[in-house]
Each structure stands twice: as C-alpha cells, then as structure tokens.
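Q: here's a sequence, model it:
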Amino acid sequence: MLTDRDLAVVLWLGRVKLASSGQVQARFGLWRSKAYRRLLVLKAEGLIGYDRPLRGDGVYYATRKGLRAVSSALSEPKVRLSVLTHDLAVTDVVVALEGLGARVLTEREIRLGRHLGEKERYSVQVRNRNAVFSIEHTPDAAVLGPEGQWIAIEVELTAKTAARTKDILNAYTNHDTTCTGVLYLTPNQRASNRITKHAKTTWLENRIQTAELNEPNTILPALQQLTNPTPQPTKTA
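A: Residues are numbered from 1 along each chain as shown. Have a look, this model is predicted:
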C-alpha cells in the first residue's frame, strides 16, 4: 500500500529532476534500508524510474505515470550523462535549503510556469557584450520569501568565462526589485573568490553571496545576508 510519504517522494523527485537513494533518505529523514524499500515499491508500481549511467549508485526520477498520480503537470525528465554531476549537485542544494525550512522553486517548476503562461518572475534576459541579442537564463532554483521577494540559486561547478559571468550578474541587476540577490554554490573557495571578483564590477556587489557545496553550514548565513541586503547605490544615467 502506498503512503502519503510515498506520493510526496514522487512529487519531490518530479520537482528536482532526479536524486540518488541517499538524497531521498536525507530529504525525508529515512533510514537507508527504509528508503531503499520504499523506492523499490514505487519503482514496482511504475511511479518512479531508475537509471544507472555510471558505476556506483544510480538515480531515481518520477515517471509520467507517477507525475499523473500526484497531479503534477511536470514532464518525465531525461537522465543525461553530460549534466548528471550538475543535476545531482542541484538536488543536494535543494535538500540543504529545504532542510533549513526554505520554500524552494526548482528550475523545472520555473520552466513549467513559463510554459503555462504564468507571469514570468524567476528568469532573466542575459544580453551579450554588444547588446545585440538576449538569451533567457533560468537559475537552478529560487528561494521564495514571505512577501514575494526571492533569491536566485546558481550552482557553479564549471567556471564560465568572465564575460558570461558578468553578463548574468548584470541581468540580475536589471531584474525587478523582488529579486533580493543571488546565492552561488561553488565547489571550492577559489571558485567563490572568482564570482565575488566579478560581482565587484557590477551593481550586484552587495547582493551576491557564495557558499561551498561541501560546507552546507555556510548556506544559512549567506541566505540571511541576502534576505536583509545592504541598500544598493542609486544608478545614474
């Protein structure tokens, strides 16, 4: 028999795209054996799928049947080896954020909202250096505040070019004022320093924080800084 928690696992997997058994265990506070048994039950029911693109633990995801069962309009995700490490890192961040009690909107939910024609609030238009064209950029997640404000979450495993990073930061700078800042999750201090350095060249300097993926205890202080940001200087023409 399926439980309410089983269905919650299916819905959560749909939101985050994919997760390892350990991530499901951490998110729902389950013992390892319990998490494994429930995942087997959900897989047998066809509500979740399993893929093992690399040696070691595989990943679970919500199937089309599972998403219908929990009344979700999200589509069944595809497991792609090229972005697997990034996808799992994003799931780790969502687990950490929700463990802190944060209300998280995932990238899949943001894209679904855009597809359904909801008022766009969580993506930004990134212009190239010559401002000839713009490309829509969606953060890896957004942390929602109590009064409509939000914080963009960016998981930066691979360094972008300096120009690309600055273009993205400037796009957030020009976004509506309900975005109180951007939290970058990086693999190490060197990567964090690089983001901070680029931020100093934009109007976003006081609205950006970094935290390291292997030190989840640094996430809460960073979020608190962005929840009560330092006032920004007024732009002049």
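
Q: which strands and helices lie in contact with the host helix or strand of Arg68?
A: Following DSSP states H and E, one finds Arg68 within helix 64-69. For helix 64-69, the packing partners by 3 or more Cβ pairs under 8 Å, 6 or more residues apart in numbering; DSSP states H and E come out as helix 4-16. All C-beta spots, glycine's among them, are computed from the backbone N, C-alpha and C.

Q: angle of the longest helix belonging to the chain against helix 4-16?
A: Looking across the chain with DSSP state H, the single longest helix is helix 84-99. Helix 84-99 and helix 4-16 are oriented at 130 degrees to each other (axes from the mean of the first three to the mean of the last three Cα atoms, to 10 degrees).

Q: which parts of the helix or strand just after helix 84-99 are buried?
A: Remark: after helix 84-99, the chain's next helix or strand is strand 103-106, criterion DSSP H and E. By neighbour count on 16 or more other Cβ atoms under 10 Å, the buried set for strand 103-106 is 104-106.

Q: show me which of those is closest to Asn170.
A: Leu105 (22.6 Å; Cβ to Cβ).

Q: quick check: closest non-adjacent residue to the closest one.
A: Nearest residue to Leu105, sequence neighbours excluded (Cβ to Cβ, 6 or more residues apart in numbering): Ala142, at 4.5 Å.

Q: with Leu81 instead?
A: That would be Pro53: by Cβ to Cβ, 6+ apart, it lies 4.8 Å from Leu81.

Q: which of the helices or strands spans the one you found?
A: Applying DSSP H and E, one finds Pro53 in no helix or strand.

Q: how far is stretch 86-99 from where the chain is centred?
A: 7 Å (Cα atoms, centre = their mean, to the nearest Å).

Q: kindly provide the distance from Leu226 to Arg111.
A: Taking Cβ to Cβ, to the nearest Å as the measure, Leu226 falls 23 Å from Arg111.

Q: and if you look at Asp92?
A: With Cβ to Cβ as the criterion, Asp92 and Arg111 are 20 Å apart.

Q: tell me which of these two has more neighbours.
A: Asp92 (21 against 16; other Cβ atoms under 10 Å).

Q: residues touching that one, list them.
A: 23, 213 (Cβ atoms under 8 Å, 6 or more residues apart in numbering).

Q: hmm, Pro139 and Leu105 touching each other?
A: No: look at Leu105 against Pro139 with Cβ atoms under 8 Å: they stay out of range, at 9.2 Å.

Q: on the three-state scheme, Pro146 is what?
A: coil (DSSP: H, G, I helix; E, B strand; the rest coil).

Q: need the contact list for the residue nearest to Ala199 when sequence neighbours are not counted.
A: Take Ala199 and drop its neighbours on the chain: the residue closest to it by Cβ to Cβ, 6+ apart is Ile208, 4.4 Å away. With contacts defined as Cβ under 8 Å, 6+ apart, Ile208 is in contact with 169, 181-184, 195-196, 199.

Q: now do stretch 29-43, average pLDDT.
A: Here stretch 29-43 scores 95 as its mean pLDDT.

Q: C-alpha coordinates for that stretch, CSV please?
A: In CSV, the C-alpha atoms belonging to stretch 29-43 read as follows (Å, rounded to 0.1, in the frame of the first residue of the first chain):
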residue,chain,number,x,y,z
GLY,A,29,14.6,11.6,7.1
LEU,A,30,14.5,7.9,6.3
TRP,A,31,16.9,5.1,7.4
ARG,A,32,18.8,3.7,4.4
SER,A,33,17.0,0.4,4.4
LYS,A,34,13.6,2.1,4.7
ALA,A,35,14.4,4.5,1.8
TYR,A,36,15.6,1.6,-0.4
ARG,A,37,12.4,-0.5,0.3
ARG,A,38,10.1,2.4,-0.5
LEU,A,39,11.9,3.3,-3.7
LEU,A,40,11.6,-0.4,-4.8
VAL,A,41,7.9,-0.3,-4.1
LEU,A,42,7.5,3.0,-6.1
LYS,A,43,9.5,1.5,-8.9
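
Q: alright, calling it a day.
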